[in-house]
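Enquirer: here is a sequence with its predicted model. Questions after.
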Amino acid sequence: MALLTATSNKYIISSRATNENTLPFSSLTQIKIPRLGPPFWPWEKVKMGPLTVSPMGFGTWAWGNQLLWGYQEAMDDDLQATFNLAVENGINLFDTADSYGTGRLNGQSEKLLGKFLQEFKGQSRVRDDIVIATKFAPYPWRLTSGQFVKACKASLDRMEIEQIGIGQLHWSTANYAPLQEIALWDGLVAMYEKGLVRAVGVSNYGPKQLVKIHKYLNSRGVPLCSAQVQFSLLSIGRDQMEIKEICDSLDIRLISYSPLGLGMLTGKYTLSNLPNGLRGLLFRQILPGLEPLLRSLREIAKRRGKTIPQVAINWCICKGTVPIPGGKTVKQVKENLGALGWRLSSDELLQLEHAAQESPSKMIQNVFQTP
Ligand SMILES: NC(=O)c1ccc[n+]([C@@H]2O[C@H](COP(=O)([O-])OP(=O)(O)OC[C@H]3O[C@@H](n4cnc5c(N)ncnc54)[C@H](OP(=O)(O)O)[C@@H]3O)[C@@H](O)[C@H]2O)c1
């Protein structure tokens, strides 16, 4: 039977099925049709509460972060080019936070996102479809729901927009200030009721807290649309799997953050080629125990004609999550877009998960992650 196969930038009609990414088609000739739309099928778009988003989003933690990511203002033109490239290729979910940006650059990620949105030269229909998911930090001085609403208004001002797509609680205070938690949940309810956000989500919530907040929001008539956790081949413990099951049963979409393990799952870092600063220190601990996983990623990438980051991101998509990889350059973002429009087979998923288990190193978990 002839088949229509999606590759990262073109459709190929061929006479043999090779994997599950193929569709029946009636011609026997092999011709190449340039792809006109985004690098994913329309039906691969994902429902996230009342929103519809691309199967992969874009993380902007690095925008404004000098400490971990070596950000400099001179990078802004390149970052704008990555934003434009992503949007032009159908990416419509952008993750940011009011705490992103270090020192005097606090809030820089939201500011840049707002600026890039305003200056986007493409169709207004495309711009209007962009979903900004920002996160509000539960700082110790944000003690009332009113203060949380104020934080939301400050984010709207920084981005110069009237409504946020998803307002997310950045982390739970259950581990160290349980009494603050309920005020924050009420803050999410208030921003939703005032129409400042279209939907609400959480981040760094473990299984128990996730069920609790879902129940609370439900009792207030507010749907919980997303839960963001560290989820990658470097971070698939029992908790992640439990969170995923809860999300599936409660109709919450799981957003995978750090899907490339901060860069370790790109295969470009080795003990003799470490990034500067804190990431270098972390990678020095983890990389020596990653060889089985990196070997497997490399092998599958080669066999599939893909790259290692494309395989690592595709794994997150195949697990039913929406990954939000960060990308600093046009080259990286172009490469990451190649994670879309195809799927790893179930054997390949098993091979990768087995290799991940065989690798003694795991990613350290976020200190704010709750049970
Ligand atoms: N909720 C939370 O608490 C939380 C925590 C962490 C992250 N997040 C969100 O998740 C997003 C993504 O996670 P992340 O930024 O931590 O890490 P990540 O997506 O795992 O890794 C991103 C980094 O990997 C490198 N990279 C990306 N694509 C590449 C490619 N194709 N080839 C080579 N290198 C590539 C780049 O850094 P280099 O070029 O410098 O190596 C890039 O900045 C964040 O931006 C943020 O929005 C949320």
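Expert: Structure received.
Enquirer: ok, now how distant is the spatially most central residue of the chain from the ligand?
Expert: Nearest to the centroid of the C-alpha atoms of the chain, with distances taken as CA atoms, centre = their mean, sits Ile324, at 1.7 Å. Using CB to the nearest ligand atom, to the nearest Å, Ile324 is found at 5 Å from the ligand. Where C-beta positions appear, they are placed from N, C-alpha and C, glycine not excepted.
Enquirer: repeat that for Lys208.
Expert: Between Lys208 and the ligand the computed distance is 18 Å (CB to the nearest ligand atom).
Enquirer: residues contacting that residue?
Expert: The neighbours of Lys208, taking CB atoms under 8 Å, 6 or more residues apart in numbering as the test, are 370-371.
Enquirer: swap in 10 Å and give it another go.
Expert: The neighbourhood of Lys208, defined by CB atoms under 10 Å, 6 or more residues apart in numbering, consists of 172, 174, 242, 246, 370-371.
Enquirer: for Gln180, same thing?
Expert: The contact partners of Gln180, by CB under 10 Å, 6+ apart, come to 138-140, 142-144, 172-174.
Enquirer: for the helix or strand harbouring it, list every residue counted as buried.
Expert: Under DSSP states H and E, the secondary-structure element containing Gln180 is helix 178-193. Of the residues in helix 178-193, those buried under the neighbour-count criterion (16 or more other CB atoms under 10 Å) are 180-181, 183-192.
Enquirer: how far does it sit from its chain's centre?
Expert: Remark: helix 178-193 is offset 24 Å from the chain centroid, using CA atoms, centre = their mean, to the nearest Å.
Enquirer: same check, this time on stretch 319-333
Expert: For stretch 319-333, the distance from its own C-alpha centre to the chain's C-alpha centre is 7 Å (CA atoms, centre = their mean).
Enquirer: report the mean confidence score over that stretch.
Expert: Average pLDDT, stretch 319-333: 97.
Enquirer: CA atoms of it as PDB?
Expert: Presented in PDB, the C-alpha positions along stretch 319-333 are these (Å, rounded to 0.1, in the frame of the first residue of the first chain):
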ATOM      1  CA  LYS A 319       4.100  10.100  26.700                       C
ATOM      2  CA  GLY A 320       1.100  12.400  26.200                       C
ATOM      3  CA  THR A 321       2.700  15.600  27.600                       C
ATOM      4  CA  VAL A 322       3.400  19.000  26.100                       C
ATOM      5  CA  PRO A 323       7.100  19.700  26.400                       C
ATOM      6  CA  ILE A 324       8.300  23.300  26.500                       C
ATOM      7  CA  PRO A 325      12.000  23.100  25.600                       C
ATOM      8  CA  GLY A 326      14.100  26.300  25.900                       C
ATOM      9  CA  GLY A 327      16.100  27.400  22.900                       C
ATOM     10  CA  LYS A 328      18.500  30.300  22.700                       C
ATOM     11  CA  THR A 329      19.300  30.400  19.000                       C
ATOM     12  CA  VAL A 330      17.500  30.000  15.700                       C
ATOM     13  CA  LYS A 331      19.600  26.900  15.000                       C
ATOM     14  CA  GLN A 332      18.400  25.200  18.200                       C
ATOM     15  CA  VAL A 333      14.800  26.200  17.700                       C
END
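Enquirer: the residue lying closest to Glu160 once chain neighbours are set aside is in what secondary structure piece?
Expert: Of all residues beyond its chain neighbours, the one nearest Glu160 is Gly114 (4.6 Å), with distances taken as CB to CB, 6 or more residues apart in numbering. In this assignment (DSSP H and E), Gly114 forms part of helix 108-119.
Enquirer: so which elements touch that helix?
Expert: Contact here means 3 or more CB pairs under 10 Å, 6 or more residues apart in numbering; DSSP states H and E; on that basis helix 108-119 packs against helix 76-88, strand 93-95, helix 124-128, strand 131-136, helix 145-159.
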